[in-house]
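> Next comes the sequence, and after it the predicted model I'd like to discuss.
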Amino acid sequence: MHKQLNEKDFGTPERTSDREVTLEIDGMQVTVTAGTSIMRAAAEGGVNVPKLCATDSLEPFGSCRLCLVEIEGRRGFPASCTTPVEPGMKIRTQTPKLQSLRKGVMELYISDHPLDCLTCPANGNCELQDMAGVTGLREVRYGFDGENHLASKKDESNPYFTYDPSKCIVCNRCVRACEEIQGTYALTISGRGFDSRVSPGTDQSFMESDCVSCGACVQACPTATLQEKTVIAIGQAEHSVVTTCAYCGVGCAFKAEMKGNEVVRMTPYKDGQANEGHSCVKGRFAWGYATHQDRITKPMIRSKITDPWREVSWAEALDYAASEFKRIQKQHGRDSIGGIVSSRCTNEEGYLVQKLVRAAFGNNNVDTCARVCHSPTGYGLKQTLGESAGTQTFKSVEHSDVILVIGANPTDAHPVFASRMKKRLREGAKLIVIDPRKIELVSSPHIKAAFHLPLKPGTNVAMLSALAHVIVTEGLLHNSFIAERCEDRAFGQWRDFVSLPENSPEATQQITGVSADLVRGAARLYATGGNAAIYYGLGVTEHAQGSTSVMAIANLAMATGNIGREGVGVNPLRGQNNVQGSCDIGSFPHELPGYRHVSDSTTRHLFEQAWGVEIQPEPGLRIPNMFDAALDGSFKGLYCQGEDIVQSDPNTQHVTAALSAMECIVVQDIFLNETAMYAHVFLPGSSFLEKDGTFTNAERRISRVRRVMPPKAILADWEVTVQLSQRLGYPMNYKHPSEIMDEIARLTPTFHGVSYAKLEELGSIQWPCNDDAPLGTPIMHIDHFVRGKGRFIITQYVATDEKVTRKFPLILTTGRILSQYNVGAQTRRTENVQWHEQDLLEIHPHDAEDRGINDGGWVAIQSRSGETVLRAKLSERMQPGVVYTTFHFPESGANVITTDNSDWATNCPEYKVTAVQIKPVSEPSDWQQKYTRFSKAQQDLLDQARPGHA
Amino acid sequence: MDMENLIHMANKIGEFFESVPDREEALLGISGHIHNFWAPRMRSQLLECVDSANSEGLKPIVLEAIRAHRNNLLPRH
């Protein structure tokens, strides 16, 4: 989908109303929605009124005085951006007087603007330049020698964009973008009158300020005042392609602005339905990893992991991988090998990997990294509501009156959706945050949570049952919804269970550490505050009772009738870009595409007929089971596409021991990641910029990923899987990923209506998309639940086995931050390291003082699994007794500490609760020292294969 | 595979279903969950454990569920 570089700007936002207004603009009848501005009405009618301070992503401001119009019967020259249409209005957008006024305004702007258009980076894409042309500016009568800002110093502190005050026209668009779109309020206009200048914070540099580098200000700037450094370096793009971001589960649509095969910049796509023109620092700016020098673009093989890598042809690498898999199966049996596919891969790639495992390997040993993040969501929502997916569209938040956020930190992990959520909160929606930490949402500019319930890690189920207890015992149930929509017997059992005194807030406060008053207040608000929506993340799922918590959340939504319409629902915020999709297309070992169990003979026969092979009726091994099986000698070979299990899975030493016990590990990735250091075959992968395919985001939205440059390794990832399958004796015949999607659609009822042609037509599609819902399904469970009647499930709190003791008195919980993404393989190879160059251990000052730990000092963190050393960061965001770290850097060894404990239903690891002790130290841990040596040795073995790269 | 870990996992499943009011439903829930999510080699080992003298680590409800629905847990060869 090639797009023009700049979409039409209507000047002011679209309005919604049942009423239409007809008016006359330059003699032409125009009918628009009531509330629309004259500027937008004119634009919709094809007349572009000159403007500078207006843009359709921001509310009108009326400061530049360029968009003046004449209205018949009215005095003066009102600004068309701030004047709403009225029936029968007669507007003139161009008269000699208007021409003269606009020209006069432009003269003033240009008298204090550098006349360096030919060498300016915005040349050819500058609204000021355009307006000078439109207004017919031919001279500046005032000259250029008066007082001006031309010598103002440029701020180049941000790694991605510059701020050049000399080019600023003080239109306020950047300030308003920071407020209205991003909600950070990092920018202001400092000074008055002539001294007015855009200022980050209190006259700070951008990097010193609260700016989060979302890029909204750069996007809004009509001149080169805020300008991407890549544009300064290489000039304006010549074409653009719409694609989907490869970072988090929001799935923002971007325009890759290109010069040939080179990306100039990534700009958020205004018509992108997930992000509506907004972005975060990762998607907007942190794409340089795709062309990083660490990319490996040639296949490599070796017999042992102590051997140097040897660059070989694709044919030799694939022949070797296939022969090894065949050898292992012959020697150790059909079930001795398997595959893992990352949720970073496309739907089509994931589908092919599971097909290869089921059809070519002949077993069901396939899993996805969704195992270690949102598998409890799939299980819990299927059990209660009938479908393994969130119920809403992101836009739905605009109709929420109460927003309950539990175990999620959207401003860091899902920043673009967080901005939409914050906008609704600023409009007056009430916020409940359930989180051990005082996350940013609890208190941020113009937002204050009505309730923050700072529970102890591992006690979500007790908390959710306590909320349910209040709703039931205080008569706050939505009885008619329950009677009509839910299973009566299951509801009765659940009602009796949550009503027990042991589930009251007064009883559970001993468990959760949160006072009963707060819990009662939050429950009342959730149940009675209007449309109430629950948003949750890995702080819910990555627990020993992750699935139980998901079911408890669904129970709450059903109990209060908060499901099946706009503004409500159960909303899992998925971690990676394609977590939803990888689950949808059958990457779990027990399910074929569309969440149908492998033991279901009807479904199995459907796929057997289509694929021409027999499919095993038994579930395969899940990722943690694969490790256990490797250690007992029954699992010997692994095809791992795009996933770094060594860094991201818990108990690193257990994982590496398992990999070391295997005979053939094939890693397909863009970098020599931590897992690849244990591999025997390396198949170079493609970045998202080199792929055709689709991602499915957290709102079930399927969006196209479009190739903007050829694969650096020649073969696209899907082609590699096809060729491997061919060599295993199972040919696959596809000419393009669209044909893979056609096959998914043919075999999966919820995808029957999905095709690349329809995606092209609609932009994106939220599944289910089929004959019943040809345009997709924004909101699920509207008239009935997918499973028929909603099923309440009893959610008994069971304390985790990971107990604090005298030896391990603190609880470690792990998470993410804004600038880095997951294992950091991508973001560590960008300038984002300027915000976060190492993982830190956050600790409450009291806990630090007790142990003689200083801010910035080295601390050892010991758990039952292992020990690592990080620098301490004293923070009152933490509650005493709880410490926190991220896992973005491999040398941090965050997962050396986490344990094998996992969710009872899905084996999703209990990342969020690890009992630890910490103490000040002076050197890295034994594991870190060994890791450094191993990592260096592996790098040397790589360098031997690629002497030119060393 | 690590028997201790399999017993631990089975007991965690048992803990969840212990709160189901109807005992037969709970037993079916436990065996059904293991059937649906455990690979045959894991189920075989668990059944061997139940058949041996080493099943004392299993919670009574898990043992009861496995014994009551043993046929459902046998791998299909």
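Done, it's in.

> A:Ser279 and chain B, how far apart?
Going from A:Ser279 to chain B by CB to the nearest CB, to the nearest Å gives 39 Å. All C-beta atoms are positioned from the backbone trio N, CA, C, and that covers glycine.

> ignore the last one, A:His736
Relative to chain B, and taking CB to the nearest CB, A:His736 is found at 34 Å.

> for A:Glu674, what are its contacts?
A:Asp644, A:Val646, A:Gln647, A:Val823, A:Pro890 (CB atoms under 8 Å, 6 or more residues apart in numbering or on different chains).

> and which of these is nearest to chain B?
Distance ranking of those against chain B, using CB to the nearest CB, places A:Val646 first at 19.7 Å.

> and the gap between the nearest residue to that closest one once chain neighbours are set aside and chain B?
Spatial nearest neighbour of A:Val646, excluding adjacent residues (CB to CB, 6 or more residues apart in numbering or on different chains): A:Glu674 at 3.8 Å. According to CB to the nearest CB, A:Glu674 and chain B sit 23 Å apart.

> Please, which helix or strand holds A:Glu674?
Assessed by DSSP states H and E, A:Glu674 sits outside every helix and strand.

> Report pLDDT for it.
Here the pLDDT value assigned to A:Glu674 is 97.

> Flag whichever of the contacts of A:Glu674 scores worst on pLDDT.
Where pLDDT dips furthest among the contacts of A:Glu674: A:Val823, at 92.

> give the contact list for that residue.
A:Asp644, A:Gln647, A:Ser648, A:Asn673, A:Glu674, A:Phe887, A:His888, A:Pro890.

> want to throw those into TSV with secondary structure?
Converted to TSV, the contacts of A:Val823 look like this (DSSP: H, G, I helix; E, B strand; the rest coil):
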residue	secondary structure
A:Asp644	coil
A:Gln647	helix
A:Ser648	helix
A:Asn673	coil
A:Glu674	coil
A:Phe887	coil
A:His888	coil
A:Pro890	helix
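
> out of the residues you listed, which one sits closest to A:Asp435?
Nearest to A:Asp435, judged by CB to CB, of those is A:Phe887 at 18.2 Å.

> Determine the number of other residues adjacent to the closest one.
23 (other CB atoms under 10 Å in any protein chain shown).

> Kindly confirm whether my reading is correct that it touches A:Thr814.
Yes. With contact defined as CB atoms under 8 Å, A:Phe887 reaches A:Thr814; the gap is 5.7 Å.

> overlap in contacts of those two?
Common neighbours of A:Phe887 and A:Thr814 (CB under 8 Å, 6+ apart) are A:Ala894.

> Up against chain B, what does the stretch 601-750 of chain A have?
Of all the residues in the stretch 601-750 of chain A, those in contact range of chain B (CB under 8 Å from any CB of the partner chain) are A:Pro617, A:Glu618, A:Pro619, A:Gly620, A:Leu621, A:Arg622, A:Asn625, A:Asp628, A:Ala629, A:Leu631, A:Asp632, A:Ser634.

> Now do the SS call for the fourth one.
Assigned by three-state DSSP, the conformation of A:Gly620 is coil.

> helices or strands up against the one helix or strand A:Arg284 maps to?
Element membership for A:Arg284, per DSSP H and E: helix A:281-285. Where contact means 3 or more CB pairs under 8 Å, 6 or more residues apart in numbering or on different chains; DSSP states H and E, helix A:281-285 is packed against strand A:262-268.

> can we see that at 10 Å?
helix A:216-220, strand A:253-259, strand A:262-268, helix A:415-426 (3 or more CB pairs under 10 Å, 6 or more residues apart in numbering or on different chains; DSSP states H and E).

> Would you mind giving those as CSV with mean neighbour count added?
Formatted as CSV, the helices and strands packed on helix A:281-285 follow (neighbours: other CB atoms under 10 Å in any protein chain shown):
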stretch, mean neighbour count
helix A:216-220, 26
strand A:253-259, 23
strand A:262-268, 22
helix A:415-426, 24
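
> which stretch among those comes nearest chain B?
helix A:415-426 (30.9 Å).

> Now the closest one: average pLDDT?
Mean predicted lDDT for helix A:415-426 stands at 98.

> Which elements pack onto it?
helix A:281-285, strand A:402-406, helix A:410-413, strand A:430-434, strand A:443-444, strand A:447-448, strand A:532-536.

> what do you get if the cut-off is 6 Å, keeping everything else the same?
If you count contacts as 3 or more CB pairs under 6 Å, 6 or more residues apart in numbering or on different chains; DSSP states H and E, helix A:415-426 packs onto helix A:410-413.

> In terms of secondary structure, what does the helix it packs on contact?
Helix A:410-413 packs on helix A:415-426, going by 3+ CB pairs under 6 Å, 6+ apart.

> okay, the helix it packs on in PDB with CA atoms only?
The C-alpha trace of helix A:415-426 is given here as PDB (Å, rounded to 0.1, in the frame of the first residue of the first chain):
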ATOM      1  CA  PRO A 415       2.400   3.700  25.600                       C
ATOM      2  CA  VAL A 416       0.200   4.600  22.600                       C
ATOM      3  CA  PHE A 417      -2.900   3.000  24.100                       C
ATOM      4  CA  ALA A 418      -1.900   4.600  27.500                       C
ATOM      5  CA  SER A 419      -2.200   8.000  25.800                       C
ATOM      6  CA  ARG A 420      -5.700   7.200  24.700                       C
ATOM      7  CA  MET A 421      -6.600   6.000  28.200                       C
ATOM      8  CA  LYS A 422      -5.100   9.100  29.800                       C
ATOM      9  CA  LYS A 423      -7.100  11.300  27.400                       C
ATOM     10  CA  ARG A 424     -10.300   9.600  28.700                       C
ATOM     11  CA  LEU A 425      -9.100  10.000  32.300                       C
ATOM     12  CA  ARG A 426      -8.500  13.700  31.800                       C
END
